[in-house]
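Peer 1: Structure of the sequence below:
(2 chains)
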Amino acid sequence: MPRQKGITLNTTKVVGLGSIAFSLLLLSQTKGLPNAALRLPSLLIWIVIALSVLMIIDDFLKRRKELTTFRSTHDEEPIPPINWTALCLFSCAIPAYITLIPIVGYLIITPIFLIIGLIVSKTLSVTKAIALGMITTVVIWLVFILLLNLPIPLFAWQS
Amino acid sequence: MDNPHIIIGLLNAISPYNIMFIVLGSALGIVVGALPGLSATMALALLLPLTFPLPPETGLCMLASLYVSAMYGGSVAAILLRTPGTPAAAATVMDGFPMGERGEAGRALGISLSASMVGGVIGGVSLLLAAPLLGKLVLLFGPVELFAIAVLGITMIGTLSKDSPIKGLLSGALGLLLAMVGMDSTTGSARFTFDNINLYSGIPFTVALIGMFSIPQALILAQQSRAETAKTREIKDRILPTIGEFLKLLPNMVRSSFIGIITGVIPGAGGDTASWFAYNEAKRFAKDKSQFGKGDPAGVAAPEAANNAVVGGSLVPTIALGIPGSSSAAVLLGGLMVHGILPGPTLLTEYGDVTYTLIWAVLFANIPMFIIGLVLMRGCIYVTKIPKMVVALVIVTLAVVGSFAVNNSFFDVWLMAGFGAVGYFLDRARIPVAPMIIGLVLGTLLDSSLTQSLLMGFGSWSVFTDSPIAFGLLLLAFLSVLQASPFPRFFLNRWRKKISK
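Peer 2: Down below sits the predicted model:
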């Protein structure tokens, strides 16, 4: 089977281990809770741990079979490889955008987020990116803020 | 009609104010459905916050019409671009795109629109007929039976997952576990809140929904932003099928609609399963099978009728039992929940007026879908050309403002982003998100019905075996898990070997 270039990630294992860690974290929080409040949650915690372990084992067996038979065991088409540059840039931009809304204000940071995103990705020209950023912000402002009265901080001096 | 809610619902649905929102929902649904990669569920999740200030029946009218129309919208990109707009339109590519290639894109879209309407109407009528009957039956159910129904719903959704039943079940169990966060209704103690006051009322369902369905899609689109987009075909031919052609395709559309309804009723089997199932059946029934895959109109009509009929079918268990048949139905149920209408048997009694408005809206939405679909057909070509990065960025801005709208809190925005990250990893690991969302919806019902059942049984679990209905449902749940496990195959193989020896 052809190996993917670059950093590869066994997401099944990541999710499995993450689920176990999350379940154990919740299990540590059960101390002091009355039995009646714990009946279903504790049952679910152990079900999640058991299913996570089963999923990791199942994935390991599938991968071993793939390596020995040189054939994919998945029925669907293979998942495309991760474009790490785009993924990292975009997933860093989202928290930055959320952090800056209460500091800078929604009406200032939203067009900046859109325009920079479009220019950096070379999707549109600077003029088109500015126009689209402005129009989108105005539409969202009209619908969510003017019509629905959403109390989101609009400018820096309002936050 | 002895049920006044049916009439109230009908009058609600045909009020000019609600019709306006049905039309708006239909237009939005077609546009979103036409955008490649965007699912009806994602559109519903993003637009759910818009319905908060609206009366519940109006908000539901808009969401229902959006759901119905997005199913048709998905075929636009499938026919013009060879990329299904929604997963439910994947089977339409098989014959829709070859029709477009030979200059019959308009005809293919016309057949798709007509089939979608036929499927939508049959699905809507069946919902209107089946939901009250099931609803009457459910009124006989107590907490013990409701617990069993919820367990059966979540196990079926999990085990019917495409890639691996283990993954589906894990997703469902995680959803149920997340629903346990917050104040316990019986003891009043805070569970898994980490002393964070924002979590005392639990994880907001809408926030999780927006994060899980929109952020992973935005991340995927951002990664594909440099990828070459397929050339869109032009529409130069006649759009609507002739009466003769329509009548020739009608039996296929009706058969596919019933396939869609039945598939929709089964929790976890959505529009994509139904459309492939209907496509295969259309091929099986066809006199000339060789034309399938080369642009046979029957290959367009079958999946499109089926995926629109799924809407009505998936709402049957949602409305009658409070168990969503699909992730889109879960969002619609979420639309009810934000207005304080909780899933369960009371949907058709106490809140019957709102629920029947939703049912009528599902039926009536087919009319604006057909008209707007015809009007926007040529315009949809431009929608399919929108760059992926533009869509990704707009999704993020809408997700942020939408999650803030739930409780006017930035904590919810961060929670949404967190769920988005989790959703992305689940997507990469081929773990379906739908069971988790449905688990989040059913968690509270499951917890409260378990507590009530054990109180009724004086703490004894035998209360579940004493009720024949609950026992039967739990047995069915156990069998659905068992059939998905490798054990039956293992024993069957051993038995076959023994026989052959």
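
Peer 1: Distance check, residue B:485 against residue B:165.
Peer 2: Going from residue B:485 to residue B:165 by Cβ to Cβ, to the nearest Å gives 7 Å. Every C-beta, even on glycine, is put in place using the N, C-alpha and C of the backbone.

Peer 1: cool, and residue B:267?
Peer 2: 14 Å.

Peer 1: These two: which has the busier surroundings?
Peer 2: residue B:267 (26 against 21; other Cβ atoms under 10 Å in any protein chain shown).

Peer 1: Touching, residue B:212 and residue B:438? I think so.
Peer 2: No: counting by Cβ atoms under 8 Å, residue B:212 does not reach residue B:438; the two are 11.5 Å apart.

Peer 1: what about the residue in the stretch 251-400 of chain B positioned nearest to chain A, how many neighbours?
Peer 2: In the stretch 251-400 of chain B, no residue comes nearer to chain A than residue B:389, which is 4.1 Å away by Cβ to the nearest Cβ. Residue B:389 is flanked by 26 other residues according to other Cβ under 10 Å.

Peer 1: need the contact list for it.
Peer 2: When contacts are counted by Cβ atoms under 8 Å, 6 or more residues apart in numbering or on different chains, residue B:389 touches A:117-118, A:121, A:123, B:221-222, B:225.

Peer 1: SS state for it?
Peer 2: For residue B:389, the assignment made with DSSP: H, G, I helix; E, B strand; the rest coil gives helix.

Peer 1: Give the residue spans of chain B that score low on pLDDT.
Peer 2: Residue ranges of chain B with pLDDT under 70: B:1-2, B:37, B:160-163, B:227-233, B:268-270.

Peer 1: go with 50
Peer 2: Across chain B, nothing is flagged by pLDDT under 50.

Peer 1: Surely residue B:325 and residue B:266 touch.
Peer 2: Yes: judged on Cβ under 8 Å, residue B:325 makes contact with residue B:266 at a distance of 7.1 Å.

Peer 1: These two: who's more crowded?
Peer 2: residue B:325 (31 against 18).

Peer 1: what's the pLDDT at the nearest residue to residue A:38 once chain neighbours are set aside?
Peer 2: Counting by Cβ to Cβ, 6 or more residues apart in numbering or on different chains, residue A:38 lies nearest to residue A:30, which is 5.7 Å off, once chain neighbours are set aside. As predicted, residue A:30 sits at a pLDDT of 86.

Peer 1: Over to residue A:26?
Peer 2: pLDDT, read off for residue A:26, is 92.

Peer 1: tell me which strands and helices the helix or strand of chain A with the lowest mean pLDDT is in contact with?
Peer 2: Least confident helix or strand of chain A, by mean pLDDT, DSSP states H and E, is helix A:35-69 with a mean of 88. When contacts are defined as 3 or more Cβ pairs under 8 Å, 6 or more residues apart in numbering or on different chains; DSSP states H and E, helix A:35-69 sits against helix A:11-28, helix B:165-179, helix B:434-456.

Peer 1: Please identify the deepest-packed of those helices.
Peer 2: Highest mean neighbour count of the helices and strands packed on helix A:35-69: helix B:165-179, a mean of 27 (counted as mean count of other Cβ atoms under 10 Å in any protein chain shown).

Peer 1: Tell me if that helix is near chain A.
Peer 2: Yes: using Cβ under 8 Å from any Cβ of the partner chain, helix B:165-179 reaches chain A at B:166-167, B:169-170, B:173-174, B:176-177.

Peer 1: Who are the packing partners of that helix?
Peer 2: helix A:11-28, helix A:35-69, helix B:143-159, helix B:434-456, helix B:468-484.

Peer 1: can I get these in JSON lines with distance to residue B:192?
Peer 2: Shown next, in JSON lines, are the helices and strands packed on helix B:165-179 (distance: least, Cβ to Cβ, whole Å):
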{"stretch": "helix A:11-28", "distance to residue B:192": "5"}
{"stretch": "helix A:35-69", "distance to residue B:192": "7"}
{"stretch": "helix B:143-159", "distance to residue B:192": "19"}
{"stretch": "helix B:434-456", "distance to residue B:192": "12"}
{"stretch": "helix B:468-484", "distance to residue B:192": "25"}
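
Peer 1: For residue B:77, which of those helices is the nearest?
Peer 2: helix B:434-456 (21.7 Å; Cβ to Cβ).

Peer 1: okay, the angle between that closest one and helix B:468-484?
Peer 2: Calculated by axes from the mean of the first three to the mean of the last three Cα atoms, to 10 degrees, helix B:434-456 forms an angle of 140 degrees with helix B:468-484.
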